[in-house]
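> just coords:
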Ligand SMILES: *Cc1c(COP(=O)(O)O)cnc(C)c1O
């Protein structure tokens with residue numbers, strides 16, 4: 001098909017929309033390591049996980065074998081409110097960069113929550129409702145997950161309790177109010193409502209909080225309240241599964257026009273958008289059908305992949321959650337209160353961690369001011385005002401496109417544009433005023449986090 005026929009935006013027709021999620025674990029030779037019970041160090045059973053998570057989600061979490069899972073009709077109906085997400089050919093950015101590379105981005109910001117997180121929020125709320133629960137609890141960092149979950153819960157008439165990292169609660173009052181508009185209760189974390197919150201406050205008075213700490217609080221409330229379960233917006237296998245809708249649509253759109261990607265790039269916080277975007281392509285690579293270069297992009301201030309240890313660690317600061325084997329900076333790592341927002345998590349999806357350990361994908365870390373420079377460059381030519389998280393992927397997409405300019409290669413680059421940045425204008429302001437800094441932890445800064453990784457035979461290389 002000739003170049004000219006590729007539209008500015010590739011949309012799928014309703015009958016071309018994926019109706020199944022793809023579970024990349026089914027095609028992995030080395031499966032992600034199982035979650036362990038921190039007391040016994042044995043793999044968590046479905047029964048143990050069922051005390052925290054909804055039953056159907058536990059099944060999905062533990063399923064390493066089923067490649068395709070039908071998306072329930074009610075979830076497909078909800079998806080129709082804001083999907084398909086367009087795959088946009090970044091013609092204007094290409095022209096501005098004067099690159100022979102072809103750049104595409106999958107835009108997930110076209111919904112009120114402003115990010116891809118709604119894809120999993122509706123799935124998790126749906127299974128909670130189906131189980132007859134009263135409500136769910138969760139944490140939120142920058143606020144996108146809490147917003148997405150509150151939207152999904154109000155749609156399904158479920159109660160939603162959100163523990164919001166304190167610095168975001170204070171810095172992002174508008175996100176908080178969007179959540180309350182959708183009926184959620186929002187509590188700044190750490191709070192005095194929970195045992196674990198009290199303990200963290202006693203140890204770190206005045207802390208601005210962290211995702212790991214908000215998770216501990218939300219889990220405690222879920223497990224001590226009748227009819228409630230905890231839901232998590234990233235990291236877990238089930239979340240990657242739901243987010244595979246991003247990759248399935250992207251692949252269908254590329255296939256529709258006979259386009260083959262060379263490089264696929266995504267920002268990585270807990271790994272859900274990246275995992276979702278690359279899953280079907282990684283499946284092809286794992287089955288030996290095609291090859292792609294996959295790049296995870298993380299902030300230099302929270303470098304789980306590029307400087308973390310691949311080890312079993314706690315998913316939360318309070319050490320109440322199961323142990324997951326992942327690239328981690330240690331559950332005690334509290335990132336600097338910079339603006340990397342939703343990428344400030346100490347760990348990384350076990351699935352992506354295994355793929356990275358097996359050399360199937362790469363990772364890069366980028367500094368904050370360079371990320372905002374890329375965000376601004378993108379906004380000025382493509383119109384969309386990107387989320388700071390998404391802009392990590394933009395930065396590396398631009399770097400790769402500029403490499404093509406040097407070499408003359410016409411590579412096809414696809415990246416995930418996970419959301420919009422309207423609630424991040426303080427960060428943009430700091431960038432414009434020149435007050436934004438590039439915080440990079442030293443090895444000494446990281447050491448206490450590593451020291452807190454649990455030691456047991458076979459853990460930590
Ligand atoms: C939460 C978030 C991310 C990072 O989360 P992942 O689970 O790594 O995808 C990236 N971009 C946006 C806009 C987000 O809200």
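Structure's in. What do you need? Since we're looking at a predicted model, the values are computed, not measured.
> so which bits of the protein are right by the ligand?
Of all the residues in the chain, those in contact range of the ligand (CB under 6 Å from any ligand atom) are 115, 117, 144, 234, 267-274, 342-343, 387, 389-390, 418-419. Where C-beta positions appear, they are placed from N, C-alpha and C, glycine not excepted.
> please compute how far the least confident helix or strand in the chain by mean pLDDT lies from its chain's middle.
Least confident helix or strand, the chain: helix 166-171 with a mean of 88, by mean pLDDT, DSSP states H and E. Put simply, helix 166-171 sits 20 Å off its chain's centre (CA atoms, centre = their mean, to the nearest Å).
> now do it: everything it contacts.
With contacts defined as CB atoms under 8 Å, 6 or more residues apart in numbering, helix 166-171 is touched by 140-143, 175-176, 186, 188-190, 207-209, 337, 341, 426.
> so which of those residues sit within helices?
175, 176, 426 (DSSP state H).
> among those, name the buried ones.
By neighbour count, with 16 or more other CB atoms under 10 Å, the ones in helices among the contacts of helix 166-171 hold 175, 176 as buried.
> format the ones in helices among the contacts of helix 166-171 as JSON lines; extra columns: distance to residue 217 and pLDDT.
Listed next are the ones in helices among the contacts of helix 166-171 as JSON lines, based on distance: CB to CB, whole Å; pLDDT from 0 to 100:
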{"residue": "175", "distance to residue 217": "18", "pLDDT": "92"}
{"residue": "176", "distance to residue 217": "16", "pLDDT": "93"}
{"residue": "426", "distance to residue 217": "25", "pLDDT": "89"}
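> which among the ones in helices among the contacts of helix 166-171 gets closest to the ligand?
Proximity of the ones in helices among the contacts of helix 166-171 to the ligand (CB to the nearest ligand atom) peaks at residue 175, which lies at 10.5 Å.
> residues contacting that closest one?
142, 143, 144, 146, 147, 168, 423.
> try residue 62
Residue 62 sits next to 34, 46, 49 when contact means CB under 8 Å, 6+ apart.
> still on that earlier bit, the residues of the chain next to the ligand in strands, which ones?
Members of the residues of the chain next to the ligand lying in strands (criterion: DSSP state E): residue 267.
> inside helices: which ones of the residues of the chain next to the ligand?
144, 272, 273, 274, 389, 390.
> lowest pLDDT pick from the residues you listed?
Among these, residue 144 carries the weakest pLDDT, at 92.
> what's that residue in contact with, if anything?
Residue 144 makes contact with 113, 114, 115, 117, 175, 233, 341, 342, 387, 419, according to CB under 8 Å, 6+ apart.
> which residue sits closest to it, ignoring its sequence neighbours?
Leaving aside its chain neighbours, residue 144 sits nearest to residue 115 (4.3 Å; criterion: CB to CB, 6 or more residues apart in numbering).
> the nearest residue to residue 214 once chain neighbours are set aside: neighbouring residues, count only.
If the residues on either side of it in the chain are set aside, residue 214 comes closest to residue 139, at 3.3 Å by CB to CB, 6+ apart. Neighbour count for residue 139, taken as other CB atoms under 10 Å: 28.
> what sits against residue 247?
So residue 247 contacts 22, 276, 277, 278, 279, 280, 281 (CB under 8 Å, 6+ apart).
> which ones among those are found in strands?
Per DSSP E, those map to strands at residue 22.
> could I get the contacts of residue 247 as JSON lines with pLDDT?
Formatted as JSON lines, those follow (pLDDT from 0 to 100):
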{"residue": "22", "pLDDT": "98"}
{"residue": "276", "pLDDT": "98"}
{"residue": "277", "pLDDT": "98"}
{"residue": "278", "pLDDT": "98"}
{"residue": "279", "pLDDT": "98"}
{"residue": "280", "pLDDT": "98"}
{"residue": "281", "pLDDT": "98"}
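> closest one of the contacts of residue 247 to residue 431?
Nearest to residue 431 among the contacts of residue 247 is residue 277, at 26.0 Å by CB to CB.
> so the closest one is in contact with residue 106, correct?
Yes. Counting by CB atoms under 8 Å, residue 277 does reach residue 106; the two are 6.6 Å apart.
> between those two, which is the more surrounded one?
The neighbour count for residue 277 versus residue 106, taken as other CB under 10 Å, is higher for residue 277 (31 against 27).
> show me the contacts for that one.
106, 243, 246, 247, 250, 264, 266, 414, 416.
> highest neighbour count among those residues?
residue 266 (33 neighbours).
> which one is that one nearest to, not counting chain neighbours?
residue 274 is the one closest to residue 266 (CB to CB, 6+ apart), at 3.4 Å.
> I figured that neighbour hits residue 281, correct?
No. Counting by CB under 8 Å, residue 274 does not reach residue 281; the two are 11.3 Å apart.
> mind checking the end-to-end distance for stretch 163-180?
13 Å (CA to CA, to the nearest Å).
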